[in-house]
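*Asks:* Just to be clear, the model below is a prediction. Sequence and coordinates:
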Amino acid sequence: MEESITPQTNSTQGVAPSENPAAKGIPDGLTPAQIVSRLDSYIIGQNKAKRFVAVALRNRQRRIKLPEEIREEVAPKNILMMGPTGVGKTEIARRLAKLCGAPFLKVEATKYTEVGYVGRDVESMVRDLMAVGYNMVKAETQEKLREKAVPMVEESLLDLLLPGSSTKKAKKEAKKPSVHISGNIFGSDAPVQGSLIRIDMPKSSEAEEEEAVDSAASQEESSKETTEENKGMSETREKFRAMLREGKLEDRMVDITVHQQPRFGMEMLSGGNPADFEEGIAGLQEMFSGGKSRVKNVTVREARYILMAQTLDRITDSDKVADEAKTRVEQSGIIFIDEIAKIATKGGDGSRQDVSREGVQRDILPIVEGSDVNTKWGVVNTTHILFIGAGAFSVAAPSDLIPELQGRFPLRVELEPLKKEDFKRILTEPKNALVKQYEALLATEGVTLKFTDEAIDRMAFIAEDVNSRAENIGARRLHTIMETVLEDLSFDADQHNGETITVDRAWVDERLKDVVKDQNLERYIL
């Protein structure tokens with residue numbers, strides 16, 4: 001995700017870890033045990049994969065605290081996760097993004113194409129990672145500046161409510177030079193053009209004193225009028241300030257100018273989608289014109305939100321944010337490459353599709369090995385970015401990847417297929433368990449939904465049974481089972497307002513009886 005310029009660091013030999021410049025701005029992460037514990041709240045089983053990932057994340061923090069001469073030699077141990085679909089590979093990636101506190105990006109290997117073909121090049125994953133890191137650091141920086149921005153936003157709101165009442169002192173105008181252009185001395189139609197220049201000569205002391213007296217009198221009279229006017233405006237402004245703080249003006253309408261930044265990225269021009277190409281051209285035109293500005297009529301409540309965003313953008317040092325984001329990306333960035341098995345070449349029969357897949361592997365290889373990638377914020381080095389690959393490898397095997405890429409993923413962990421007990425735990429234990437989700441959804445309709453242990457046991461058994469006889473799609477099977485079991489209740493929920501509905505084994509068998517009787521029916525229903 002990040003960028004360019006390599007951080008300038010002095011030699012850290014003999015420097016204590018806490019004084020390491022590379023560690024500055026990098027948040028100290030969770031311990032491996034804490035990471036596993038957090039993942040257990042959402043993902044059932046797969047303890048081996050969790051431990052591998054937890055240790056890899058912790059090693060990122062350990063490496064950053066090392067002296068420079070050792071730190072640069074410690075390469076990340078990239079991980080390759082293998083297992084059938086629906087066992088938790090992608091879910092581990094999603095939860096890691098919220099736990100690691102470092103720039104994290106999840107990408108699909110199948111969205112990239114070999115250099116020279118229409119589509120996204122593999123370097124765009126690094127640019128995207130840099131964008132994630134920049135936005136992360138920017139959000140943290142602006143959160144620290146929010147308190148400073150509050151009074152600025154209040155003054156801006158008062159300016160909108162009371163135009164012309166601003167108490168800011170006008171900048172003093174610079175003294176005009178005593179040189180005046182009087183006109184063209186050769187005439188407007190003359191082939192030679194020139195100007196008559198008049199230079200004011202210094203005035204005598206008597207003339208200066210007389211002019212100073214007249215000017216002082218005029219300024220004194222004008223000052224009295226201005227003071228009285230400003231006093232009245234100031235009193236009105238303070239009354240409005242009090243009402244604004246009390247929330248009495250939240251619904252008043254004001255006009256505010258909104259600046260819209262042009263949305264443009266080179267990937268828009270390189271993609272094969274005509275709509276993306278048109279959007280890219282439009283964004284390019286906006287970029288050269290400086291973006292769009294328009295006046296919106298909004299409430300004070302909405303204006304405060306807009307002004308806060310504009311003020312924070314104005315007072316944020318973008319260069320400083322970019323530098324820190326680049327450091328985080330290069331030192332602790334993580335890229336999760338999902339569906340990496342789909343770019344493996346089975347058997348290497350030399351078909352056109354296999355050649356394209358192998359080309360993507362060759363393009364990914366230098367990124368994983370370590371290379372410099374140009375981004376919007378500069379050049380990002382990928383040497384110490386951690387890569388985690390994941391794939392089902394149901395058709396191809398890890399050995400079908402090119403040997404060089406295999407060697408760049410030294411740690412391999414195989415996720416286990418889910419069993420009946422796993423399905424039972426998935427239904428009830430995680431914070432986002434399916435049973436809890438459906439209970440909450442129907443509670444919005446005034447329906448109290450309860451599941452008996454026998455019902456949950458039966459659904460878990462059917463999920464395992466169908467997965468064993470049909471395509472194994474892991475925990476995703478539970479989604480279709482739950483929808484089938486609760487289809488009628490979900491449709492008629494409004495008619496059961498205030499009722500308590502208990503789902504037992506008989507309820508489950510009644511809704512899934514066709515699946516139990518016909519072994520082929522799940523191919524169409526489940």
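*Replies:* Looks like it came in fine. Numbering: from 1, shown residues only.
*Asks:* For the stretch 401-526 of the chain, just list every one of the helices.
*Replies:* Taking DSSP state H, counting those that start in this stretch as the criterion, the stretch 401-526 of the chain carries its helices at 403-407, 420-428, 434-443, 453-469, 476-485, 487-491, 505-511, 513-517, 522-525.
*Asks:* For the third one, name the packing helices and strands.
*Replies:* It stands for helix 434-443. The contact analysis (3 or more Cβ pairs under 8 Å, 6 or more residues apart in numbering; DSSP states H and E) places helix 434-443 against helix 420-428, strand 448-451, helix 476-485, helix 487-491. The way it works is simple: take the backbone N, C-alpha and C, and place the C-beta from them, glycine included.
*Asks:* can we see that at 10 Å?
*Replies:* Secondary-structure packing of helix 434-443 (3 or more Cβ pairs under 10 Å, 6 or more residues apart in numbering; DSSP states H and E): helix 420-428, strand 448-451, helix 453-469, helix 476-485, helix 487-491, strand 500-503.
*Asks:* Out of these, the one nearest residue 313 is which?
*Replies:* Between residue 313 and the helices and strands packed on helix 434-443, the tightest spacing by Cβ to Cβ is seen for helix 476-485, at 41.1 Å.
*Asks:* between the helices of the stretch 401-526 of the chain, which gets nearest to residue 394?
*Replies:* Comparing the helices of the stretch 401-526 of the chain under Cβ to Cβ, the one sitting nearest is helix 453-469, at 13.2 Å.
*Asks:* residues of that closest one that come out buried?
*Replies:* Residues of helix 453-469 classed as buried by neighbour count (16 or more other Cβ atoms under 10 Å): 455-460, 462-467.
*Asks:* Now do that helix: which elements does it pack against?
*Replies:* Checked by 3+ Cβ pairs under 10 Å, 6+ apart, helix 453-469 has helix 420-428, helix 434-443, helix 476-485, strand 500-503, helix 505-511, helix 513-517, helix 522-525 packed alongside it.
*Asks:* taking the mean pLDDT, what do you get for that helix?
*Replies:* Across helix 453-469, the average pLDDT comes to 90.
*Asks:* Can you check what angle separates that helix from helix 434-443?
*Replies:* For helix 453-469 against helix 434-443, the angle by axes from the mean of the first three to the mean of the last three Cα atoms, to 10 degrees is 120 degrees.
*Asks:* Following the chain past whatever helix or strand residue 69 lives in, name the next helix or strand.
*Replies:* Following DSSP states H and E, one finds residue 69 within helix 68-71. For helix 68-71, the succeeding helix or strand toward the C-terminus, using DSSP H and E, is strand 79-82.
*Asks:* Which helix or strand in the protein has the lowest average pLDDT?
*Replies:* helix 522-525 (a mean of 48; mean pLDDT, DSSP states H and E).
*Asks:* distance of residue 331 from residue 31?
*Replies:* Counting by Cβ to Cβ, to the nearest Å, the gap from residue 331 to residue 31 is 19 Å.
*Asks:* Those two - which one has more neighbours?
*Replies:* residue 331 (23 against 13; other Cβ atoms under 10 Å).
*Asks:* Return the set of buried residues in the one helix or strand residue 159 maps to.
*Replies:* Element membership for residue 159 (DSSP H and E) is helix 124-161. Within helix 124-161, the residues that count as buried by 16+ other Cβ under 10 Å are 124-134, 136-138, 141-142, 149, 152-153, 155-161.
*Asks:* sorry, back to before: any chance of CSV for the helices and strands packed on helix 434-443, columns distance to residue 309?
*Replies:* Putting those into CSV (distance: least, Cβ to Cβ, whole Å) gives the following:
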stretch, distance to residue 309
helix 420-428, 40
strand 448-451, 41
helix 453-469, 46
helix 476-485, 38
helix 487-491, 39
strand 500-503, 45
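*Asks:* Might you report the residue contacts of residue 153?
*Replies:* With contact taken as Cβ atoms under 10 Å, 6 or more residues apart in numbering, residue 153 is in contact with 146, 303-312.
*Asks:* quick check, nearest of the residues you listed to residue 84?
*Replies:* Nearest to residue 84 among the contacts of residue 153 is residue 309, at 44.6 Å by Cβ to Cβ.
*Asks:* what about the helices of the stretch 401-526 of the chain, which gets the closest to residue 82?
*Replies:* helix 403-407 (12.3 Å).
*Asks:* which helices and strands does that closest one pack with?
*Replies:* Packing contacts for helix 403-407, counted by 3+ Cβ pairs under 10 Å, 6+ apart, involve helix 352-369.
*Asks:* pull the CA atoms of the helix it packs on into CSV?
*Replies:* Taking C-alpha atoms only, helix 352-369 is exported to CSV below (Å, rounded to 0.1, in the frame of the first residue of the first chain):
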residue,chain,number,x,y,z
ARG,A,352,-3.2,-20.3,-23.8
GLN,A,353,-5.0,-20.0,-20.4
ASP,A,354,-2.1,-21.7,-18.6
VAL,A,355,0.4,-19.3,-20.2
SER,A,356,-1.6,-16.3,-19.0
ARG,A,357,-1.7,-17.8,-15.4
GLU,A,358,2.0,-18.4,-15.4
GLY,A,359,2.6,-14.9,-16.6
VAL,A,360,0.7,-13.5,-13.6
GLN,A,361,2.9,-15.7,-11.3
ARG,A,362,6.0,-14.3,-13.0
ASP,A,363,4.7,-10.8,-12.4
ILE,A,364,3.9,-11.4,-8.8
LEU,A,365,7.3,-13.0,-8.1
PRO,A,366,9.4,-9.7,-8.1
ILE,A,367,6.7,-8.1,-5.9
VAL,A,368,7.0,-10.9,-3.3
GLU,A,369,10.8,-11.0,-3.6
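*Asks:* any idea how far residue 304 lies from residue 160?
*Replies:* Applying Cβ to Cβ to residue 304 and residue 160 gives a distance of 10 Å.
*Asks:* Could you name every residue contacting both of these two?
*Replies:* Common neighbours of residue 304 and residue 160 (Cβ under 10 Å, 6+ apart) are residue 298.
*Asks:* Of all the helices of the stretch 401-526 of the chain, which one comes closest to residue 39?
*Replies:* Between the helices of the stretch 401-526 of the chain, helix 420-428 lies closest to residue 39; by Cβ to Cβ that is 13.7 Å.
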